[in-house]
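Participant: pasting the structure only:
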């Protein structure tokens, strides 16, 4: 399972490897929203806010009623306020 492998890589600090797994996850199931959210988190960890925002937006598009949707919207708003 690409998502689980990515999550495990992320937990151990292997962010680049996690991103590779999360990309595979998206390719395997483009409707699985957690893959997009995980990509957003991983890119955020790398301080790549444009890419993080891109994947957070995709997450909300795929799963607009996610339990953490409001939190993700606030994250996106904070990115937009940052110069």
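Facilitator: Nice, I can see it. Note that the structure is a prediction, hence the values are computed from the model and not measured. Numbering: from 1, shown residues only.

Participant: going forward, measure contacts and count neighbours with C-alpha atoms only.
Facilitator: Fine.

Participant: so where is the chain shaky, pLDDT-wise?
Facilitator: Scanning the chain for pLDDT under 70 picks out the ranges 82-83.

Participant: same thing but at 90, please
Facilitator: Along the chain, the model assigns pLDDT under 90 to residues 79-83.

Participant: What segments of it are helices?
Facilitator: If DSSP state H is used as the criterion, the helices of the chain fall at 2-11, 15-28, 33-45, 49-62, 69-81.

Participant: Counting by contacts, list what the shortest one packs against.
Facilitator: When contacts are defined as 3 or more CA pairs under 8 Å, 6 or more residues apart in numbering; DSSP states H and E, helix 2-11 packs onto helix 15-28, helix 33-45.

Participant: can I get the ones you listed in JSON lines with mean neighbour count and distance to residue 75?
Facilitator: Formatted as JSON lines, the helices and strands packed on helix 2-11 follow (neighbours: other CA atoms under 10 Å; distance: least, CA to CA, whole Å):
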{"stretch": "helix 15-28", "mean neighbour count": "19", "distance to residue 75": "19"}
{"stretch": "helix 33-45", "mean neighbour count": "23", "distance to residue 75": "10"}
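
Participant: Now render those helices as TSV, adding distance to residue 6.
Facilitator: Output for the helices and strands packed on helix 2-11, formatted as TSV (distance: least, CA to CA, whole Å):
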stretch	distance to residue 6
helix 15-28	4
helix 33-45	8
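
Participant: and residue 4, how many residues sit next to it?
Facilitator: 14 (other CA atoms under 10 Å).

Participant: just residue 49 next, same as before
Facilitator: 18.

Participant: same deal with the one 5 residues further on?
Facilitator: The local packing of residue 54 (other CA under 10 Å) involves 16 other residues.

Participant: Please name the residues that touch it.
Facilitator: Residue 54 is in contact with residue 40, counting by CA atoms under 8 Å, 6 or more residues apart in numbering.

Participant: try residue 58
Facilitator: Residue 58 touches residue 36, counting by CA under 8 Å, 6+ apart.

Participant: Distance of residue 37 relative to residue 55?
Facilitator: For residue 37, the distance to residue 55 (CA to CA, to the nearest Å) stands at 6 Å.
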